[in-house]
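Engineer: structure, please.
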Amino acid sequence: MYLSTTPTSLLCFRYPKLSDNVDADVCVIGGGVSGLTTAHLLAKAGKRVVVLESRVIGSGITGRSLGDMTVWHTGLFSSLERYTSTNQRQQVIDSNVEAINFVESVVKSENINCGFTRVPAYLLPAGAEPVPGDSSDPRSSSSSSSKERQGERLLRQELEACKAAGLDVNMVDLQGLSGIDHAVQLPESATLNPIEYVQGLAAAITGKYGGRIYESTRMRKVDSNKKIIYTMEGFKVDASQAYVNATAAPSTSNLVDSAAHVLALHGKQHVRRRYVVALKVPKFSGFKPTVYYDTAEPPHTAMLVPGKQTSDTGYHDLLVVAGEAHDQGKRPSEYGEPLANLEAWARAKWPRAGERLYAWSYQYFQTAEDLGLYGRDPTITASKAAYVATGDCGRIMSSGTLAGNVIASQLLGWPAGQLYKNIYSPSRKLRGLPGLPAWSPRYFKNTIQSALDMLLPLPRFVKAAGDIENLAAGEGCIINSGPLALRKVAVYKDDRGEVHKFSGLCPHLGCLLQWNPEEKEWNCPCHGSCFDKEGQNIAGPATIDMTRLDK
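Structural biologist: As a prediction, the model looks like this:
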């Protein structure tokens, strides 16, 4: 939605493509909120900073996020209690507070017009929700009543966990939401337009502090020991002090580097995809600027975004609702109706919401402990000059801001770099067996399933070679091919009916890609690489395109 409503002047290319070799103190790879927060702090402190962005500043996960920031831990403090101490949970609260305060101070000092606003926030109980197309009230069934009681218990459990962690929360009566009697009132949250914010950061980096930003510049590989970053065109950035991999999933240079990252970083998180719908609501209709969260699994977030006058949709605001998250890289037949389900959830709470104006999705990286990974890269192939920002857990603005502060503080020797070192360290061991990393069971489940799909003939519901002619225009699929139907081919049929064929294996580490019918792109279920419908790489850790088989 922000990508659709942000002024065109902010979405166009504003910075050059790297066309020569350059030197820097620090090279930041990735032009989202984590990379630009890092670059802003370093450049402001006098470091020579170069930022490489493969597309346009803010066009990745940051631009698709909701732009909400909260002091509360959206993964539930009651869940965090299992493997953190009271002091560590207090650190989570403190870091979230500092992230919001930091953004507010930067908005003021750099004069960034991004709509930053402090707003009330509430936590709603999970309950029975309507099913699209079902005319009956699902909340009338005994199973639905049981789910509502369970939601109430979890809400009260979370209330006590928040208080135990030191968060100022209260149970309040809540009016105006259908089927909701009460909720937990959380400390103030904040909302902003994420694209306008990171574009403001970029302007300050280049205009005030002498930093350099290169758009449409994709990293190809890194010589970790020499701290040299090579682009797809063969140009290089020679970083004398450090480089920061702020690409959501750390981009890797070769097969050995990729395999090493599996044990050090990729294995500690799994990739998820979350959906968002924006519903039209009239101006002055009684909808208040508020952020709502709930205790459902997967959770929902809802917030009001000020709209604007347009010739197509008139003068209105937007009710933006996110949820229906699932592990990325499902088979197309398993997607169901995530957008319809999300819209039904929203209308059950806000019956006066109008038509759907926008819908999109974004990926995020969920760690085993539901805490981010910010700091020195623990991979054995990386030098001590390598830093990473990953494991955002869906808290895009808060996590990205915190990551930038932690990494910049470590590089500059500031106290904040040590304050949160243990709890957010990429090499931390907060859970699991002593001495072993906190690997994610979901990562290994998804990777093993992808490996089986790659090695064995796919089930019949996955398209066979003879079904290509029946593939609808604008759609893609994985087909069985070759001897014993063991070769996997990714097929896309464009709007003209022309068929495009690629290897179905991700060029990163060979996991079997899957067609995403909602975004019309290819997704890797293992490490998060994404490719557009014609095989062009749009998200790492892969740095190259899918292999074409028809040219």
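
Engineer: just the local confidence number for F13, please.
Structural biologist: With respect to pLDDT, F13 scores 86.

Engineer: residues near it, how many?
Structural biologist: By the criterion of other C-beta atoms under 10 Å, F13 has 12 neighbours. In this view, the C-beta of every residue, glycine as well, is placed from N, C-alpha and C.

Engineer: tell me how many other residues crowd the nearest residue to it once chain neighbours are set aside.
Structural biologist: Once flanking residues are discounted, F13 sits nearest to E215: 5.3 Å by C-beta to C-beta, 6 or more residues apart in numbering. When counting by other C-beta under 10 Å, one arrives at 21 neighbours for E215.

Engineer: from memory E215 sits against Y15, does it?
Structural biologist: Yes. The pair E215 and Y15 qualifies as a contact (C-beta atoms under 8 Å) at a distance of 4.5 Å.

Engineer: any chance you could list residues touching both of these two?
Structural biologist: Residues touching both E215 and Y15 (C-beta atoms under 8 Å, 6 or more residues apart in numbering): 53, 57.

Engineer: beta partners of the residue minimising distance to the centre of the chain?
Structural biologist: The centroid of the chain falls nearest to Y364 when counting by C-alpha atoms, centre = their mean (3.1 Å). Beta-bridge partners recorded for Y364 (DSSP bridges): R272.

Engineer: name the helices or strands packed onto the strand or helix carrying Y230?
Structural biologist: Y230 belongs to strand 228-231 when assigned by DSSP states H and E. In terms of contacts (3 or more C-beta pairs under 8 Å, 6 or more residues apart in numbering; DSSP states H and E), strand 228-231 is packed against strand 219-223, strand 236-248.

Engineer: which one of the ones you listed lies closest to V106?
Structural biologist: strand 236-248 (16.9 Å; C-beta to C-beta).

Engineer: now for the closest one, which elements pack on it?
Structural biologist: Judged by 3+ C-beta pairs under 8 Å, 6+ apart, strand 236-248 is in contact with strand 22-29, helix 33-44, strand 49-52, strand 228-231, strand 356-367, strand 386-390, helix 396-412.

Engineer: quick revisit: L549 is nearest to which of the helices and strands packed on strand 228-231?
Structural biologist: The nearest among these, by C-beta to C-beta, is strand 219-223 at 22.3 Å.

Engineer: so T84 makes contact with I423?
Structural biologist: Yes. T84 lies in contact with I423 (C-beta under 8 Å); the separation is 7.4 Å.

Engineer: re the thing from before, nearest to N170, of the helices and strands packed on strand 236-248?
Structural biologist: helix 396-412 (22.1 Å).

Engineer: what are the C-alpha coordinates of the next helix or strand after that closest one, in PDB please?
Structural biologist: Remark: after helix 396-412, the chain's next helix or strand is helix 416-419, criterion DSSP H and E. The C-alpha coordinates for helix 416-419 follow below in PDB (Å, rounded to 0.1, in the frame of the first residue of the first chain):
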ATOM      1  CA  ALA A 416      24.700   0.400  23.500                       C
ATOM      2  CA  GLY A 417      26.700  -2.000  21.500                       C
ATOM      3  CA  GLN A 418      27.400  -4.000  24.600                       C
ATOM      4  CA  LEU A 419      24.100  -3.400  26.400                       C
END
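
Engineer: tell me the mean pLDDT over helix 416-419?
Structural biologist: Mean per-residue pLDDT for helix 416-419: 73.

Engineer: from S34, how far off is the nearest residue to H316 once chain neighbours are set aside?
Structural biologist: Nearest non-adjacent residue to H316, counting by C-beta to C-beta, 6+ apart: G307, 4.5 Å away. Relative to S34, G307 is positioned 28 Å away (C-beta to C-beta, to the nearest Å).

Engineer: check T447 too.
Structural biologist: 25 Å.

Engineer: out of these two, which sits in the more crowded spot?
Structural biologist: Under the criterion of other C-beta under 10 Å, the comparison of T447 against S34 puts S34 first, with 35 against 20.

Engineer: check contacts around the more buried one.
Structural biologist: S34 neighbours (C-beta under 8 Å, 6+ apart): 246, 374, 389, 392, 399-401, 403-404.

Engineer: what's the closest of these to A204?
Structural biologist: A204 lies nearest to G404 out of the contacts of S34, by C-beta to C-beta, at 13.2 Å.

Engineer: nearest residue to the closest one in space, ignoring adjacent ones along the chain?
Structural biologist: Distance criterion C-beta to C-beta, 6+ apart; nearest residue to G404, sequence neighbours excluded, is T37 at 2.6 Å.

Engineer: surely that neighbour and S398 touch.
Structural biologist: No. Counting by C-beta under 8 Å, T37 sits too far from S398 to count as a contact (11.1 Å).

Engineer: return the residues in contact with R548.
Structural biologist: Counting by C-beta under 8 Å, 6+ apart, R548 touches 500-502, 535.

Engineer: least trustworthy helix or strand in this structure by mean pLDDT?
Structural biologist: Here the helix or strand of the chain ranked lowest by mean pLDDT, DSSP states H and E is helix 2-5, holding a mean of 51.

Engineer: tally of neighbours for G166?
Structural biologist: The number of residues packed near G166 is 14, by other C-beta under 10 Å.

Engineer: you'd agree it is up against I93?
Structural biologist: Yes. In this structure, G166 is within contact of I93 by C-beta under 8 Å, at 6.0 Å.

Engineer: so, low pLDDT: which residues of the stretch 301-450 of the chain?
Structural biologist: For the stretch 301-450 of the chain, residues meeting the criterion pLDDT under 70 lie at 308-314, 417, 430-437.

Engineer: ok, the nearest residue to R395 once chain neighbours are set aside to R156 distance?
Structural biologist: Nearest residue to R395 in three dimensions, chain neighbours excluded: T74, at 5.8 Å (C-beta to C-beta, 6+ apart). In this structure, T74 and R156 are 18 Å apart, going by C-beta to C-beta.

Engineer: can you show me the strands along the stretch 451-551 of the chain?
Structural biologist: Along the stretch 451-551 of the chain, counting by DSSP state E, counting those that start in this stretch, strands occupy 475-481, 487-493, 499-503, 514-516, 521-523, 530-532, 537-539.

Engineer: for M219, which of those strands is the nearest?
Structural biologist: For those, proximity to M219 was assessed by C-beta to C-beta; strand 537-539 is nearest, at 10.7 Å.

Engineer: ok, back up a step: any chance of the strands of the stretch 451-551 of the chain in CSV with distance to A353, mean neighbour count and mean pLDDT as columns?
Structural biologist: Shown next, in CSV, are the strands of the stretch 451-551 of the chain (distance: least, C-beta to C-beta, whole Å; neighbours: other C-beta atoms under 10 Å; pLDDT from 0 to 100):
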stretch, distance to A353, mean neighbour count, mean pLDDT
strand 475-481, 30, 21, 85
strand 487-493, 35, 22, 89
strand 499-503, 39, 18, 92
strand 514-516, 26, 24, 93
strand 521-523, 28, 23, 94
strand 530-532, 30, 22, 94
strand 537-539, 31, 21, 88
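
Engineer: want to throw those into TSV with distance to E355?
Structural biologist: Shown next, in TSV, are those (distance: least, C-beta to C-beta, whole Å):
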stretch	distance to E355
strand 475-481	26
strand 487-493	30
strand 499-503	34
strand 514-516	25
strand 521-523	26
strand 530-532	28
strand 537-539	29
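
Engineer: any idea which of these gets closest to V56?
Structural biologist: Minimum separation from V56 across the strands of the stretch 451-551 of the chain (C-beta to C-beta) falls at strand 537-539, 11.8 Å.

Engineer: who does that closest one pair up with?
Structural biologist: Sheet pairing of strand 537-539 (DSSP bridges) gives strand 530-532 (antiparallel).

Engineer: contacting residues around the partner strand?
Structural biologist: Outside strand 530-532, the residues within contact range by C-beta under 8 Å, 6+ apart are 363, 513, 520-524, 537-539, 542, 545-546.

Engineer: try 7 Å this time
Structural biologist: Strand 530-532 is contacted from outside by 521-523, 537-539, 545-546, using C-beta atoms under 7 Å, 6 or more residues apart in numbering.

Engineer: likewise stretch 83-100?
Structural biologist: With contact meaning C-beta under 7 Å, 6+ apart, stretch 83-100 is reached by 69-71, 73, 77, 80, 164-167, 190, 369, 398, 401-402, 420, 423, 430-431.
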